[in-house]
Each structure stands twice: as C-alpha cells, then as structure tokens.
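# could you work out the structure for the sequence below:
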Amino acid sequence: SVFKKYPSNVISFIQRKSSLQIFTDGQYILRAGDFNRDVFFVLGGKAKALDYNENGKVVNYAQFVPGSFFGELSSIDGLCRSVNVVAVKECKLAVLLEKEFNFLVNNYASFNKIFINKLVEVIRVSNGRISDLSLLGAKQRISDELHRLSVTDPENGIVTIYDIPTQEVFAENLGISRET
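Alright, predicted model coming up:
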C-alpha cells in the first residue's frame with residue numbers, strides 16, 4: 001500500500017470516505033485563489049505545487065508522490081488555495097472533503113501525529129529555502145541541491161542521483177535560470 005506509514009483504521013477511513021480522481025500530465029488539480037478545501041491523497045503518479053512570479057517564471061514549492069497528501073492548509077484555515085498544483089505524470093488521487101479530513105485529524109490520534117509531522121516538515125523546508133535564497137549564491141545552491149539529491153552506496157561509496165530533474169525543473173526549484 002502507498003500508505004504504509006498509516007495505521008489500518010486510517011487507511012480504512014480514507015478508503016470509505018474519499019472519492020477517486022485521475023488527472024493527466026500537465027492538468028491543474030488546484031489553482032491558486034480557488035476556494036475548494038478538499039484534501040488530496042496521492043495514490044499514484046506525481047504532482048507539484050507551483051506558482052508564477054510577475055514575469056511568468058515558475059516557482060516550485062513542493063512535489064507530491066504516492067503516500068503524500070496536499071490541500072490541508074485551506075482545510076485548516078478556510079482560506080483560498082495559495083499555490084497551483086499540477087499533475088506531473090498521470091496522477092491518481094483519493095479526495096477527502098474538508099469535513100471528512102477535519103474529522104480524520106480530530107478523531108484519529110495516529111493520523112493527527114502524521115499530520116503535525118507534515119506541517120513541521122513544511123515549515124522546516126520553507127525555512128531552509130528562505131535561508132538558501134537569502135544567504136547563498138546560485139552556485140552554492142546548485143551544489144547543495146545536487147548533494148541533497150544524491151545517494152551514496154554504503155558498500156562501494158559510489159554517489160548516484162537517481163531521479164535527476166530536467167534543467168528547467170532544477171532551475172525552477174532553485175530560483176535560478178537554466179543558464180546558470
């Protein structure tokens with residue numbers, strides 16, 4: 001199951017209360033400014049949260065893979081969506097209505113812990129990105145990102161990047177141009 005970190009009672013609740021939606025590559029799942037407050041659990045494929053600056057340049061915020069979820073911020077604060085979410089590959093989603101998601105958070109302590117950990121992760125990642133953009137030059141951000149993406153084989157010490165993004169996506173993630 002893509003939700004192996006979730007207890008069985010949480011998986012059962014999501015299965016019972018959610019609806020299945022499928023989005024094709026490049027299709028918008030959410031748009032910034034929308035007032036929809038549903039929460040989306042990724043069953044298959046990938047999606048990314050992004051926005052555009054005043055010049056139309058893409059700013060990537062996060063990537064969502066099977067087992068992750070998004071849309072929870074609007075469900076919590078009742079405000080409109082703050083970013084766009086787009087399917088990167090065909091994306092299969094379990095969609096929970098706001099009231100069902102809030103019931104899950106408030107009545108399933110095991111999910112509440114997962115939820116709080118995700119919010120903490122969002123804050124930590126955001127703090128790191130703000131620091132990087134404020135304190136590091138483009139070359140240092142590139143070096144740090146390559147290091148973050150790399151995996152070292154403990155047996156032979158060979159360093160590999162398995163899921164390297166395209167030059168365009170890499171630049172969008174770091175707030176630089178492709179030519180940098």
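
# and residue 21, how many neighbours?
Neighbour count of residue 21, defined by other Cβ atoms under 10 Å: 14. In this view, the C-beta of every residue, glycine as well, is placed from N, C-alpha and C.

# can I take it that it is in a helix?
No - the assignment for residue 21, made by DSSP: H, G, I helix; E, B strand; the rest coil, is strand rather than a helix.

# contact partners for it?
Residues counted as contacts of residue 21 (Cβ atoms under 8 Å, 6 or more residues apart in numbering) are 40, 92, 93, 95.

# residue ranges of the helices in this protein, please?
Here the chain has its helices, by DSSP state H, at 8-17, 72-77, 98-107, 109-135, 138-149, 167-174.

# and these: which comes nearest residue 159?
Each of the helices of the chain was scored for nearness to residue 159 using Cβ to Cβ, and the closest is helix 138-149 (9.0 Å).

# the closest one to helix 109-135, inter-axis angle?
150 degrees (axes from the mean of the first three to the mean of the last three Cα atoms, to 10 degrees).

# what's the mean pLDDT across helix 138-149?
Throughout helix 138-149, pLDDT has a mean value of 74.

# stretch 39-51 now?
The predicted model assigns stretch 39-51 a mean pLDDT of 92.

# name the residues of that stretch that are buried.
Under the neighbour-count criterion of 16 or more other Cβ atoms under 10 Å, stretch 39-51 has 39, 40, 41, 42, 43, 45, 46, 47, 48, 49, 50 buried.

# so which of the contacts of residue 21 is the closest to residue 147?
For residue 147, the nearest member of the contacts of residue 21 is residue 40. The distance, counting by Cβ to Cβ, is 30.5 Å.

# need the helix or strand of the chain with the lowest average pLDDT.
Lowest on mean pLDDT, DSSP states H and E among the helices and strands of the chain sits helix 167-174, with a mean of 68.

# picking up where we left off before, in strands, which of the contacts of residue 21 fall?
40, 92, 93, 95 (DSSP state E).

# most neighbours among those, which one?
Counting neighbours by other Cβ under 10 Å, residue 93 comes out on top of these with 27 neighbours.

# tell me the bridge partners for that residue.
Residues in a beta bridge with residue 93, per DSSP bridges, are residue 21, residue 42.
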